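Participant: Sequence first, predicted model second:
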Amino acid sequence: MTVARQASLYQNLYPYVQLLLRRKWLVIFGMIPIMIAGLIYCLVTPLTYRADAVIVVVPQKVPESYVRSIVTGRNDERIRGILQEITSRTTLEKLIKKYNLYAGMRNSYPMETVVEFMKDRIEISNPRGSRKTAFNISFEGSDPKIVAQVTNALANMFVEHNLKLRESQSASTAKFLSEQLDKIYLELKKREENLRQYKMKHMGALPEQRQSNLATLASLQQQLQNIQENIRRAQDRIILIRQRIADQRRVLRASPSVGDSSSSLSTHGLSLSELKERLRLLLSRYTENHPDVIALKKAIKRQERLLRRRRGSLSGPVLTGNPALDALQLQLQSAQLELNQLKQEERRTAMQIVRYQKRIEETPKREQELIDLTRDYENLKQTYDDLLKKKLEAEQAAALERRQQGEQFKIIDPARVPEKPVKPDLKKLLPLIIVLAFCTGVGLAFTVDILSNKYYDPDEIKQEYGLDVLACIPLLLSPEEVKRHRRKIVMLSSVASLGYLLVAGLLVLLFTRGPGAFSGLI
């Protein structure tokens with residue numbers, strides 16, 4: 001350090017050193033009450049003992065690749081949750097009554113205050129190097145044996161609450177998943193029924209039936225063409241038969257000539273309408289008593305009886321008695337029946353074609369509707385499968401917790417009866433008392449010096465008022481003032497000596513009797 005820096009440091013510290021020397025008695029007397037009060041505090045403060053129990057987190061015994069635990073969350077969060085439970089009023093009140101804690105305090109304060117007082121003396125901490133796999137639970141009290149017992153009780157409660165918590169969470173999770181699984185199962189059955197009813201309702205128009213519908217439609221169209229071709233052939237056949245019948249009737253009409261001199265009339269091969277027409281012609285020429293008229297009337301009645309018998313028995317062609325004409329009538333009837341059957345078959349085939357065309361046209365719509373239904377069903381089924389898997393895992397995890405094979409808290413270091421108190425801690429209190437006493441004395445000296453209106457340095461006057469000091473006159477005391485000053489110093493020294501003797505006596509008493517020796521006085 002250079003000379004200039006030493007001089008600068010000396011100039012900066014010189015005013016403070018002068019102040020302490022000037023107010024030395026304030027520093028000396030200011031330290032005495034603080035030291036006495038601190039030592040008395042150490043003597044009368046009740047001894048506080050502390051017991052610690054170390055709890056380690058033991059992982060589950062079954063590998064997680066086989067059974068995965070459903071109790072998740074960080075250990076510190078679970079520890080804080082359990083701490084809230086065991087430090088509840090109900091739990092702590094039971095401990096207070098069981099171990100008769102704070103008997104005097106319970107007589108003066110309500111139980112809520114006592115519980116809070118005890119709660120403040122329970123602490124959870126992590127030991128060094130544990131990496132959150134272990135933690136300490138500690139309790140402070142005045143009786144070392146009771147402190148150890150309460151600490152072990154709290155540690156056991158931690159282990160029991162953790163087991164109950166894990167088992168309860170596993171059981172609750174399994175129950176919740178079971179309830180949800182039942183709901184999803186009912187909804188899944190409902191969706192299955194809706195899908196089944198939809199397929200039954202639209203059977204034949206489903207997307208997977210599109211190819212078969214197209215093949216059936218092509219077959220029906222080919223069948224319709226064949227039917228229409230058969231219809232055309234039947235119609236041509238009917239036209240041909242009718243032409244042959246007409247020709248045959250013309251031949252029959254032309255063969256029997258009806259004249260004025262004819263005495264007989266042939267009615268073979270004539271229909272009822274033709275007979276009636278011939279009767280009308282005869283009546284226009286002859287009277288009703290004419291033999292031809294009478295014979296013709298009999299033929300008409302005979303033809304009508306024959307028609308009534310045939311209509312009463314079965315429908316068929318009107319037979320005239322002429323074998324060739326009757327054969328043509330039967331052929332005509334057969335052709336007409338065949339034509340009617342073909343037309344009915346044509347209508348049925350056309351209706352089927354329309355139905356299949358409609359199915360094919362509606363296939364995209366049904367496909368989209370079926371996709372929506374199937375997608376909802378598949379999503380719900382996937383959810384059901386996932387829930388079922390989770391339920392089985394939850395049941396396995398619950399069984400694991402019931403058998404105490406899951407993650408557990410284990411007490412590896414139970415609390416022992418403490419031999420030394422943790423409060424008051426003389427190693428910390430004594431230096432603190434000395435430092436606090438010295439700071440009090442120095443602070444008192446600075447305060448008094450600042451509040452006084454005295455100047456001890458000419459530079460202070462120049463800085464304060466801007467005036468130059470011409471000369472400084474030292475303090476000159478008379479012999480009488482010197483004597484009074486000496487008596488004052490002797491008296492102050494005696495009082496200070498007594499104070500420090502008292503401090504020394506308290507120190508001796510503190511080290512011989514120990515801290516808290518007079519705790520029964522308060």
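Facilitator: Now that the structure is in, tell me what you want to look at. Numbering: from 1, shown residues only.

Participant: any idea which helix or strand comes after the longest helix seen in the chain?
Facilitator: Scanning the chain for the longest helix, with DSSP state H as the assignment, gives helix 323-402. Per DSSP states H and E, the first helix or strand lying C-terminal to helix 323-402 is strand 408-413.

Participant: tell me the mean pLDDT over the next helix or strand after that following strand?
Facilitator: Stepping forward along the backbone from strand 408-413, the first helix or strand reached (DSSP H and E) is helix 426-451. Model confidence over helix 426-451 averages 87 on the pLDDT scale.

Participant: same check, this time on stretch 299-316
Facilitator: Per-residue pLDDT over stretch 299-316 has a mean of 63.

Participant: do you know how far the residue nearest to F139 when sequence neighbours are not counted is from D292?
Facilitator: Leaving out its chain neighbours, the residue that sits closest to F139 by CB to CB, 6 or more residues apart in numbering is T151, at 4.5 Å. Using the backbone N, CA and C atoms, a C-beta is placed for each residue, glycine as well. With the distance defined as CB to CB, to the nearest Å, T151 ends up 148 Å from D292.

Participant: okay, those two: which has more neighbours?
Facilitator: Neighbours were counted for T151 and for D292 using other CB atoms under 10 Å; T151 has more, 25 against 17.

Participant: Find the helix or strand that the more buried one is a member of.
Facilitator: Under the criterion DSSP H and E, the helix or strand holding T151 is helix 144-201.

Participant: Which strands or helices does the lengthiest strand in the chain pack on?
Facilitator: With secondary structure taken from DSSP state E, the chain has its longest strand at strand 49-58. In this structure, strand 49-58 packs against strand 134-141, helix 144-201, strand 408-413, with contacts taken as 3 or more CB pairs under 8 Å, 6 or more residues apart in numbering; DSSP states H and E.

Participant: Hey, what's the angle from that strand to strand 408-413? Just curious.
Facilitator: For strand 49-58 against strand 408-413, the angle by axes from the mean of the first three to the mean of the last three CA atoms, to 10 degrees is 140 degrees.

Participant: So which elements touch the longest helix of the chain?
Facilitator: The helices and strands touching helix 323-402, judged by 3+ CB pairs under 8 Å, 6+ apart, are helix 144-201, helix 210-254.

Participant: Determine how far the longest one lies from the middle of the whole chain.
Facilitator: Here the centre of helix 144-201 is set off from its chain's centre by 13 Å, with CA atoms, centre = their mean, to the nearest Å.

Participant: With the shortest one instead?
Facilitator: Here the centre of helix 210-254 is set off from its chain's centre by 73 Å, with CA atoms, centre = their mean.

Participant: that older thread, quick check: the gap between the residue nearest to F139 and E123.
Facilitator: For T151, the distance to E123 equals 10 Å [CB to CB].

Participant: and for the two, which residues touch both?
Facilitator: Between them, T151 and E123 share these contacting residues under CB atoms under 8 Å, 6 or more residues apart in numbering: 137-139.

Participant: Just send those residues back as JSON lines, with distance to G104 too.
Facilitator: Shown next, in JSON lines, are the shared contacts of T151 and E123 (distance: CB to CB, whole Å):
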{"residue": "I137", "distance to G104": "26"}
{"residue": "S138", "distance to G104": "23"}
{"residue": "F139", "distance to G104": "19"}
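
Participant: List buried residues within the residues you listed.
Facilitator: 137-139 (16 or more other CB atoms under 10 Å).

Participant: closest to K297 among those?
Facilitator: Proximity of these to K297 (CB to CB) peaks at I137, which lies at 135.6 Å.

Participant: ok, that closest one touching I122?
Facilitator: Yes - taking CB atoms under 8 Å as the definition, I137 is a contact partner of I122 at 7.3 Å.

Participant: Can you work out which residues contact both of these two?
Facilitator: Common neighbours of I137 and I122, using CB under 8 Å, 6+ apart, are L154.

Participant: which sections of the chain are below the confidence cut-off?
Facilitator: 1-12, 59-75, 127-132, 252-272, 306-323, 326, 397-407, 455, 520-522 (pLDDT under 70).
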